[in-house]
Structures are given as structure tokens and as C-alpha cells.
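Peer 1: this one's structure only:
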């Protein structure tokens, strides 16, 4: 296959055995750390436990009620500011503007196949292939196994986030620089929303702003047509000439088609025929006037961040684009997902740690590859079951110790079982 590099490495039996022995210490550390992760995870509370303690106030007017307290108020988060991205997007009535920049560049893909030889040595064949893709974080070519012919240029523009300098909910001001706001939504680009006059060859197609790698800054003496709905390229004009049997002047296409068009002088459609270094830009925005519920500390006519000292100094300063009940539900869902993710992480840490501790056994038996493979499968199964049982027991014990109600129920159940056993034993003796 073209554009591939194959690399073969060999590792001796002694080196493999010493490497696995060195891994025992880290495996033990990982195993012990998994108990801490699993145990402490069950003791965390949902942020809804904090939100429910907030005092509700009316957003329409500023009063003395709730001064210095943790409050919530429902209303529209609005700003009078007009912001853009300082590059192409024209200013609009947005609370947040996110600019995402992707570059068309090289990506290295590697796949490895390891074969254990008789005697315990290993031979690893790694295949490196190279393909092009759009990426917001293209890899540095210096990290490639073979950078020749796969050079990624530096990105001309960077991603950015812009926020309105001021905003308010009803009669109360908020600090947009520290306020957690709802996620921005993809912006559909329409006529007049972007100004591409500063870069040659840049154009809009769909929701993307395309910037060819060859596009340079426009000098004061150059003229660039503004971006509108329809885009024509030099290749398109040539096809029109053949179709209509006459020459169509790109400059007079407006009269010919009866609509405003854009002629891109680069002669290349970046969307369909991208080259390494081409850029595409998309925007996401949070429009002013979004409905929701604000949580924070009330200080006069300002809502500021609230530090919940009773909840490990959790900082609460957020606008949810939902009701009070919806905010509680959102936090409960997020907390539930986080708990399950950490349970899985703790289990994997325990399983990996146990596997590393027993790894030298399989490597030792690799002197005969079949025996090593069998022992590796057996060790994997045993460590999986052991890690699963220990994880479940740790989670249950942690749940009991972190919940007074659960602990009382457990004690009652145990005492009840003991009573039944003792009573039955007494009847048999009688």
C-alpha cells in the first residue's frame, strides 16, 4: 500500500522478563489507589444538594431580600453588547461567540502486530500509514515516524471564545467572565454575517468559512467580492462555457444569472478539493435573551459567585437554560454519570494493577509461546473476577459508611438475622 512505513523491532526474553518485574511495583500502587478512587467516589454529593438550599428572589426589581445569601432567580440572560470574533464574524447581539478552526493536514495512523517466538523473545511489526483529514488540533510533523512529505504547516488562525463584557438577568448584573453559561449552538451563516475582505480566496459554503492555504492578506489596491449565497469557481465557469456553447464572463455572471454571486479567484473549491494547510472555520453562539435560572450570591444589584463552605468550598455561579427543577435534574444526571465513570475507572485500575503484578508469570512461561498465551488468558480471567468482586464490595461498604440511613438499615438487618439464627438454634436444642 502506498504511503506506508513498516518498522520491525525485537525484544529479548531477558528484557521482557525484567520489564514485567519492574512493573510489579506500579501494579501494586495502581491496585491500592483503586480502593481510594472507589471509596471516595461514593461519598460525593450531587450539586443539586447545594442548589436546593438557594433562596428564591424576584428578578424584576432589586430589593433587600436575600442580600449576602445564596439565591436563585428566573429570567432572561441578556446583554446590550454586540460582539464578533475579531476576525471574520461581524458583531451581533451574542452573549458568547466560539470560533472553531480546523486545518486539512496529515495524520499518522499506526497498527502493531506482536509475535512471541520460541524462547520468549518478541517481534513487533508496526505499520505507519499517513492520511489527510480535517482536524482542530493537527499533529506536529516532527512527531511522525516519517515526516518527509507529510509536513503540516502551523495553523494560520486559532480557536477562540469571546464573551459579552456585561449582561444581566432582570434588574441584576452578572459577571460574564466568571459566569458558567449554557453551551453555545452552531451558527448558520447568512448574508452579511461575515466579512472576508481581508483574505484572498476565502468564501462561505454551508456553515463553514473556507480559507485556502494560498490565500494571502488583501492589499488596499485589491478588490475582493463579498461573500454571498452562491459561490462560483474558475472550474465552474469553464464548465458553463462548454454547456452554453459561449463564453461566460465571470465578472458579468450577475447579469447572466440574475442574482448576486461570488467568484473565488483561487480557482479551487476548498470544500471538495482541499489541500494541506487549508482552513475551515465554524461558529457557535449563545444568543442574548436566553431563558433560564441563575444561581449565585446576591450583593446589592449584582449576582456574584457563591462559595458553598458546607460543600467543600464548591463555587456556584451558573445560569441554567431551564427551570429550577430542570437544573436539579441536570445536576443529578451529571453526578450519576460521573459516579459510574469513576466506578469503571476504579475497576479498570484494580484489574490492570493485578494483571501487572502477575504479568511476570506469563512472561516466564513465554519461553514456550503456547504456555505463555494460555497463562495470560487464565490470569486475565482470574484478575477480572477478583477485581470485579473487590470493586463491588468496596462500593457497597463505601455506600454504607457514607449513608447513615443505609448504615442503620444494614445494622438492623444484621441484628435481625442474628436473632433468627439464635432463635432457631435454641429451638433445636430444646
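Peer 2: Looks like it arrived, so ask away. Predicted model, so just to flag it, every value in this text is computed and none were measured. Numbers count the residues shown, from 1 in each chain.
Peer 1: which stretches in the stretch 1-150 of the chain count as strands?
Peer 2: Taking DSSP state E, counting those that start in this stretch as the test, the strands found in the stretch 1-150 of the chain are 4-11, 55-56, 70-78, 94-116, 122-135.
Peer 1: return the most buried member of the ones you listed.
Peer 2: Of all those, strand 70-78 has the most neighbours on average by mean count of other CB atoms under 10 Å, namely a mean of 20. Glycine gets a C-beta too; all of them are placed from N, C-alpha and C.
Peer 1: now it: how far from the chain's centre is it?
Peer 2: Centre-to-centre, strand 70-78 and its host chain are 28 Å apart (CA atoms, centre = their mean, to the nearest Å).
Peer 1: also stretch 305-312?
Peer 2: Put simply, stretch 305-312 sits 26 Å off its chain's centre (CA atoms, centre = their mean).
Peer 1: show the average pLDDT along that stretch.
Peer 2: Averaged over stretch 305-312, pLDDT sits at 89.
Peer 1: so for residue 399, which of the strands of the stretch 1-150 of the chain sits nearest?
Peer 2: Distance to residue 399, taken as CB to CB, is lowest for strand 70-78 among the strands of the stretch 1-150 of the chain, at 28.3 Å.
Peer 1: JSON lines please, covering the strands of the stretch 1-150 of the chain and showing mean pLDDT and distance to residue 323.
Peer 2: What follows is those, written out as JSON lines (pLDDT from 0 to 100; distance: least, CB to CB, whole Å):
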{"stretch": "strand 4-11", "mean pLDDT": "93", "distance to residue 323": "56"}
{"stretch": "strand 55-56", "mean pLDDT": "96", "distance to residue 323": "12"}
{"stretch": "strand 70-78", "mean pLDDT": "97", "distance to residue 323": "7"}
{"stretch": "strand 94-116", "mean pLDDT": "96", "distance to residue 323": "19"}
{"stretch": "strand 122-135", "mean pLDDT": "96", "distance to residue 323": "38"}
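Peer 1: as CSV, those strands with distance to residue 142 would be great.
Peer 2: Output for the strands of the stretch 1-150 of the chain, formatted as CSV (distance: least, CB to CB, whole Å):
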stretch, distance to residue 142
strand 4-11, 15
strand 55-56, 56
strand 70-78, 44
strand 94-116, 11
strand 122-135, 14
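Peer 1: of all those strands, which one is nearest residue 422?
Peer 2: Of all these, it is strand 70-78 that lies closest to residue 422, at 51.4 Å by CB to CB.
Peer 1: need the contact partners of the closest one.
Peer 2: Strand 70-78 is touched from outside by 50-51, 53-60, 95, 167-170, 172, 174, 181, 288-298, 303, 306, 308, 316, 319, 323-324, with contacts defined as CB atoms under 8 Å, 6 or more residues apart in numbering.
Peer 1: of these, buried ones?
Peer 2: Listed as buried from these are 50-51, 54, 57, 59, 95, 167-170, 172, 174, 181, 288, 292-298, 303, 306, 308, 316, 319, 324; burial here means 16 or more other CB atoms under 10 Å.
Peer 1: which one, of the strands of the stretch 1-150 of the chain, ends up nearest to residue 345?
Peer 2: Smallest distance to residue 345 across the strands of the stretch 1-150 of the chain (CB to CB): 25.2 Å, for strand 94-116.
Peer 1: what packs against that closest one?
Peer 2: On a contact count with 3 or more CB pairs under 8 Å, 6 or more residues apart in numbering; DSSP states H and E, strand 94-116 meets strand 122-135, strand 160-163, strand 279-287, helix 369-402.
Peer 1: if we can go back for a sec, the strands of the stretch 1-150 of the chain: which one's closest to residue 157?
Peer 2: Going by CB to CB, the one of these nearest residue 157 is strand 94-116, 5.0 Å.
Peer 1: narrow the buried ones among the contacts of strand 70-78 to those in strands?
Peer 2: By the criterion of DSSP state E, membership of those in strands covers 95, 167-169, 172, 174, 292-298, 303, 306, 308, 316, 319.
Peer 1: ranges for the strands of the stretch 201-350 of the chain?
Peer 2: Under DSSP E, counting those that start in this stretch, the stretch 201-350 of the chain gives strands at 203-205, 208-211, 230-233, 261-264, 279-287, 290-299, 302-304, 306-308, 314-316, 318-320.
Peer 1: which ones are touching residue 272?
Peer 2: By CB under 8 Å, 6+ apart, residue 272 lies in contact with nothing.
Peer 1: hang on, the earlier thing: highest average neighbour count across the helices and strands packed on strand 94-116?
Peer 2: Of the helices and strands packed on strand 94-116, strand 279-287 is the most buried (mean count of other CB under 10 Å), at a mean of 21.
Peer 1: mind checking the pLDDT average for it?
Peer 2: Regarding strand 279-287, the rounded mean pLDDT is 98.
Peer 1: before we move on, what about stretch 324-342?
Peer 2: The pLDDT scores in stretch 324-342 average 97.
Peer 1: when you give positions from now on, start the count at 5
Peer 2: Got it, the first residue is 5 from now on, which makes the last one we talked about stretch 328-346.
Peer 1: next one: it to chain centre, how far?
Peer 2: Here the centre of stretch 328-346 is set off from its chain's centre by 17 Å, with CA atoms, centre = their mean.
Peer 1: mind listing what's buried along it?
Peer 2: 328, 331, 332, 334, 335, 339, 346.
Peer 1: narrow these to those in helices?
Peer 2: 328, 331, 332, 334, 335, 339, 346 (DSSP state H).
Peer 1: closest one of those residues to residue 197?
Peer 2: Nearest to residue 197 among these: residue 334, at 31.0 Å, using CB to CB.
Peer 1: endpoints of stretch 160-179, how far apart?
Peer 2: 32 Å (CA to CA, to the nearest Å).
Peer 1: check stretch 361-379 too.
Peer 2: This stretch, stretch 361-379, spans 14 Å end to end (CA to CA).
Peer 1: so for it, mean pLDDT?
Peer 2: For stretch 361-379, the mean per-residue pLDDT is 95.
Peer 1: if we can go back for a sec, of all pairs in the buried residues of stretch 328-346, which one is the farthest apart?
Peer 2: Farthest-apart pair in those is 328 and 346; separation 27.4 Å (CB to CB).
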